[in-house]
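Asker: Quick one, what's the 3D model for this:
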Amino acid sequence: MDQPNVVLVASPGLGHLIPILELGNRLSSVLNVNVTILAITSGSSSSAETEAIRVAAARTACQITELPSVDIDNLVEPDATVFTKIMVKIRATKSAVREAVESMKPKPTVMIVDFLGTGLMSVADDLDLTAKYVYVPSHAWFLAVMVYMPVWDTTVEGEYVDIKEPLKIPGCKPVGRKELMETMLDRSDQQYKECVRAGLEVPTSDGVLVNTWEELQGNTLAALREDEELSRVIKVPVYAIGPIVRSNGHVEKHNGIFEWLDKQRERSVVYVCLGSGGTLSFEQTIELAWGLELSGQKFLWVLRRPASYLGASSSDDDQVIESLPKGFLDRTCGVGLVTTQWAPQVEILSHRSVGAFLSHCGWSSVLESLTKGVPIVAWPLYAEQWMNATLLTEEIGVAVRTSELPSEKVIGREEVASLVRKIVAEEDEEGQKIRAKAEEVRVSSERAWTQGGSSHRALFEWAKRCRLVS
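Answerer: Numbering: from 1, shown residues only. Next up, the predicted model:
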């Protein structure tokens, strides 16, 4: 009997491509099914996406097909947001996706789109596939917000940012002003309307796969399945199959980062990285640098170009270093290491000397940290990262966060130093509790994927429903 075929569609951008690649790898290795990934490229960063596809193809059994970028200049306003452009580009690629799926032999039985690609699910209907699913590479609270947004859209008057009371979701944590996603800040903007449209389309699927696990978010998952009002909104089954993260790769023996880390005490280093899109203002870069120095703690900083240097070429590292306070590198020599190059994040977080992660709180980075038992200094910058920071601090208890949103106010050096010391310094009582909780979460994340663990069971339950396994 031939192996079943599953087709996954990745939205444009590395942040969407990588989670789909990892899901495909998991389905292929655990369920022993044939997986084809259709990668819709963004055009603007196609070289980075092509490199990610090349690397992924070398270490996975999945078949990866790169779909050419579609010109949408005549379909969007010149000042349209990145989110709007992605959503429009996905819909404009529908015919290419249909042709690619139609040409697959044997025909796939299941189609999975990420949460931005819900507009492509009609392809599965057109081609009479057995089932169509949505993959949410984020957490259950994000999913609840996504599917409940159409309800708010018809019941809440005015802008969400002006409402004094948090927005309520049945059975879930409410969403306050500090948790509003960027797409929710202006209800007249097309990106908000695109978000509402996606929320309406999710319940037209056959179910949702979400990158979390029962032990991490049991209450929210229970609400999505069992709360009378919320389950009536989402309508379809929810499968918690996380954490799905990148696995450790090969590290060059003489890599300077790891040579430096090898010399540090266990759990003594704070790793600082704000993601591939995490640019700070020049002023904030200065304050972050001073804060790291004042903390007295060891640090490894993957330094991105400050926003004021965005016009510089990617190879101009001197300008990046010039954004640091005068004499900073000399004063912190031996205490800290600053690199402007790409750094292998999963391998760094796996290193015994790393004791904290100052992070933008993208969910992929969060999971990479939690699965290694590394607590977080939350520094949310955009998208759903503000929600993630609240989840990590108030519900899960594995992080500390800035007093104000870094996107709205410069965080001063004293606060930076205090946050870092709280997480890394051994004598801090609150930090001890957070570190203990992070280790607890690490253990539960491993347990979820053991034979018979919650995520392992959920994946096979889903696979049986789709007739991928007997």
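
Asker: Now for residue 102, how many residues are close by?
Answerer: Using other CB atoms under 10 Å, residue 102 has 12 other residues around it. Placement of C-beta: from N, CA and C, glycine included.

Asker: ok, for it, nearest residue in space, not its chain neighbours?
Answerer: Excluding the flanking residues, the one nearest residue 102 by CB to CB, 6 or more residues apart in numbering is residue 127, at 6.0 Å.

Asker: What does the one you found show for phi and psi?
Answerer: Backbone dihedrals for residue 127, given as degrees, to the nearest 10, come out at phi -100, psi 10.

Asker: For it, give me its contacts.
Answerer: Going by CB atoms under 8 Å, 6 or more residues apart in numbering, residue 127 touches 98, 101-102, 107.

Asker: How about the contacts made by the closest residue to residue 339 other than its chain neighbours?
Answerer: Once flanking residues are discounted, residue 339 sits nearest to residue 302: 5.8 Å by CB to CB, 6+ apart. Neighbour list for residue 302: 271-273, 339-341, 343 [criterion: CB under 8 Å, 6+ apart].

Asker: After the helix or strand of the chain with the lowest mean pLDDT, which helix or strand is next? Please name it.
Answerer: When each helix and strand of the chain is scored by mean pLDDT, DSSP states H and E, helix 46-59 comes last, with a mean of 63. The helix or strand immediately downstream of helix 46-59 is strand 63-67, counting by DSSP states H and E.

Asker: next helix or strand past that next one?
Answerer: helix 82-92.

Asker: what's the burial count for residue 425?
Answerer: Residue 425: 16 surrounding residues under other CB under 10 Å.

Asker: In this structure it contacts residue 435, no?
Answerer: No: between residue 425 and residue 435 there is no contact under CB atoms under 8 Å: 10.4 Å.

Asker: just the helices in the stretch 301-450 of the chain please.
Answerer: 317-321, 328-331, 345-350, 363-370, 385-390, 413-424, 429-448 (DSSP state H, counting those that start in this stretch).

Asker: again with the stretch 51-200 of the chain
Answerer: For the stretch 51-200 of the chain, the helices defined by DSSP H, counting those that start in this stretch cover 82-92, 94-102, 121-126, 140-155, 190-201.

Asker: Turn those helices into a markdown table, columns for mean pLDDT and distance to residue 175.
Answerer: What follows is these, written out as a markdown table (pLDDT from 0 to 100; distance: least, CB to CB, whole Å):
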| stretch | mean pLDDT | distance to residue 175 |
| --- | --- | --- |
| helix 82-92 | 93 | 18 |
| helix 94-102 | 96 | 31 |
| helix 121-126 | 96 | 26 |
| helix 140-155 | 98 | 6 |
| helix 190-201 | 97 | 13 |
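
Asker: Please name whichever of those helices is nearest to residue 23.
Answerer: Evaluated over the helices of the stretch 51-200 of the chain, closeness to residue 23 peaks at helix 140-155, with 15.2 Å, by CB to CB.

Asker: so which of the helices of the stretch 301-450 of the chain gets nearest residue 91?
Answerer: helix 363-370 (24.3 Å).

Asker: Present the contacts of residue 127 as a markdown table; the columns should include distance to residue 284.
Answerer: A markdown table is the format used below for those (distance: CB to CB, whole Å):
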| residue | distance to residue 284 |
| --- | --- |
| 98 | 45 |
| 101 | 45 |
| 102 | 50 |
| 107 | 52 |
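
Asker: Now the buried members of these.
Answerer: Buried residues within the contacts of residue 127, counting neighbours by 16 or more other CB atoms under 10 Å: 98, 101.

Asker: on that earlier part again, of the helices of the stretch 301-450 of the chain, which shows the lowest average pLDDT?
Answerer: Ranked by mean pLDDT, the helices of the stretch 301-450 of the chain end with helix 317-321 at the bottom, a mean of 71.

Asker: Now do the residue nearest to residue 102 against residue 62, distance only.
Answerer: The gap separating residue 127 from residue 62 is 20 Å, by CB to CB, to the nearest Å.

Asker: Count the neighbours of residue 112 for me.
Answerer: Counted with other CB under 10 Å, residues neighbouring residue 112 total 28.

Asker: ok, and the closest non-adjacent residue to the residue positioned nearest the centre of the chain?
Answerer: Geometric centre of the chain, nearest residue: residue 363, 3.1 Å, by CA atoms, centre = their mean. The spatially closest residue to residue 363, leaving aside those adjacent along the chain, is residue 138, at 4.5 Å (CB to CB, 6+ apart).

Asker: got the residue ranges for the strands in the stretch 151-300 of the chain?
Answerer: Assigned by DSSP state E, counting those that start in this stretch, the strands in the stretch 151-300 of the chain fall at 208-210, 238-240, 269-273, 298-302.

Asker: Can you list the strands that the third one pairs with?
Answerer: Spelled out, that is strand 269-273. Strand 269-273 has the following sheet partners, assigned by DSSP bridges: strand 298-302 (parallel), strand 354-359 (parallel).
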